[in-house]
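> Kindly generate the corresponding structure for this input.
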Amino acid sequence: MDAARRQQLTDIVAAKAGVDAACAARHLALHAYEVAAALRGIDAERYTLTQRLLIKHGRDPEDALQHVALAVLQHEDIRSDSVLRLGRIAALAPPVACAVTLAEWLAYVDWEGFDSALHANVEAVAALLAGELQLADAGANLLQARDEAVFEAQRPALALAALAYIERHITQFP
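Below is the predicted model of the structure:
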């Protein structure tokens, strides 16, 4: 590859990533002058895994929450077949445990239905909603009213609050 083409690729990567030419050139060289790979390398250097997931999936807060929870479970090697799963999740840093617990419970609602989810760790989820996420009405609905229509109306706010909570505690996530 000639110097003019290398400079052209460097300029493209620098502009797209918002970095200086030296950084762009370094990542291009590391990634065999593949622009997409160089951009991913720059992002990996600049952002944590959780930050990258929030950037990529942030338009759908519940999807982003699920991706962050999955990343935590993989990072901590917590498998779905583990009999100690709930204990291992509870042993994580409190903000991480909160996000994973909420994500798992929301996924349970999708898999098994709202009525079944009311019997699966609902007290802990309601406490997280009322305490950590400061959504007292949502927590009270789960424990007292148990109204699925109200829950579904509140569900988007739950995911948004969880993402804001994750961002406030981003240093504790992978």
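> what helix or strand is the residue nearest the centre of the chain on?
In the chain, the centroid-proximal residue (C-alpha atoms, centre = their mean) is residue 68; its distance is 2.5 Å. If you go by DSSP states H and E, residue 68 is part of helix 61-75.
> Give me the buried stretch members for the helix or strand following that helix, please.
Remark: after helix 61-75, the chain's next helix or strand is helix 85-90, criterion DSSP H and E. For helix 85-90, a neighbour-count test (16 or more other C-beta atoms under 10 Å) marks 88, 89 as buried. Where C-beta positions appear, they are placed from N, C-alpha and C, glycine not excepted.
> who's in contact with helix 85-90?
76, 78, 79, 82, 97, 100, 101, 104, 121 (C-beta atoms under 8 Å, 6 or more residues apart in numbering).
> The fifth one: neighbouring residues, count only.
Around residue 97 sit 20 other residues, with neighbours defined as other C-beta atoms under 10 Å.
> Need the pLDDT of it.
Looking at residue 97, its pLDDT is 96.
> No further queries at this time; thank you.
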